[in-house]
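Novice: using only what follows, build the 3D model:
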Amino acid sequence: MNIGFWKLKELIGTSATDVWLELMGVNAYKHRGPERVEKSISATRSFNHAKTSDKHFLWEHLLMNFERAYKRLIEKDLETDRLYICFRDKEKRWFGFDVKFPRLTSSKTFLVQRMKQLFEKTYNANIIYRSTGVTFTGLELAFTKQFTLEEAGSIQVLESEKDLEKTINEIKKKNRR
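Specialist: Numbering: from 1, shown residues only. Here you go, the predicted model:
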């Protein structure tokens, strides 16, 4: 095909440059390859001025960190197979605990329940805490899976949770503007 650039621009308009380059054998369009999935998503927050061993206070801060990390998990359409919670004590030492799941999930209900179980097992009233954190690892892009008959009832709940979380995130974005 032998067509000049200016003739092509007259026929096609502003995207003519890229089309002409493609016709000449130059890759003008960026082709999207597979998306890179992050290795982890985490959220931590310090409460330096309120060092405490108050169980309720710590749980509330852990939930705030969870919400921030979970928002990114849903925005990026990811699922996780491991949840890690961490704490920092008054001497600034970090320590944490994790749980691995048998399959990938983005179910908020499931993740919060597991986080609560982990927190209940690890909370120590004798430690003065200064920060908390939540991390999701083992991340993969969400995709349609085959569920067992026992899990079939939870599919709609999971999809509803994801849709609700996306809607909430969109509303929050609009309110910040």
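Novice: from here on, just use CA atoms for contacts and neighbour counts.
Specialist: OK.
Novice: now do the SS call for Phe136.
Specialist: strand (DSSP: H, G, I helix; E, B strand; the rest coil).
Novice: tell me the pLDDT of it.
Specialist: Looking at Phe136, its pLDDT stands at 97.
Novice: wait, it touches Leu83, no?
Specialist: Yes: counting by Cα atoms under 8 Å, Phe136 touches Leu83, with 4.9 Å between them.
Novice: please identify the helix or strand for the nearest residue to Leu58 once chain neighbours are set aside.
Specialist: In this structure, Leu58 finds its nearest non-sequential neighbour in Thr132, 7.3 Å apart by Cα to Cα, 6 or more residues apart in numbering. Taking DSSP states H and E as the criterion, Thr132 maps to strand 129-137.
Novice: just checking, next helix/strand downstream of that strand?
Specialist: Downstream of strand 129-137 (by DSSP H and E), the next one is strand 140-141.
Novice: adjacent strands (with direction) for that following strand?
Specialist: Applying DSSP bridges, strand 140-141 is found paired with strand 78-89 (antiparallel).
Novice: was I right to think Ala50 contacts Arg130?
Specialist: Yes: judged on Cα under 8 Å, Ala50 makes contact with Arg130 at a distance of 7.2 Å.
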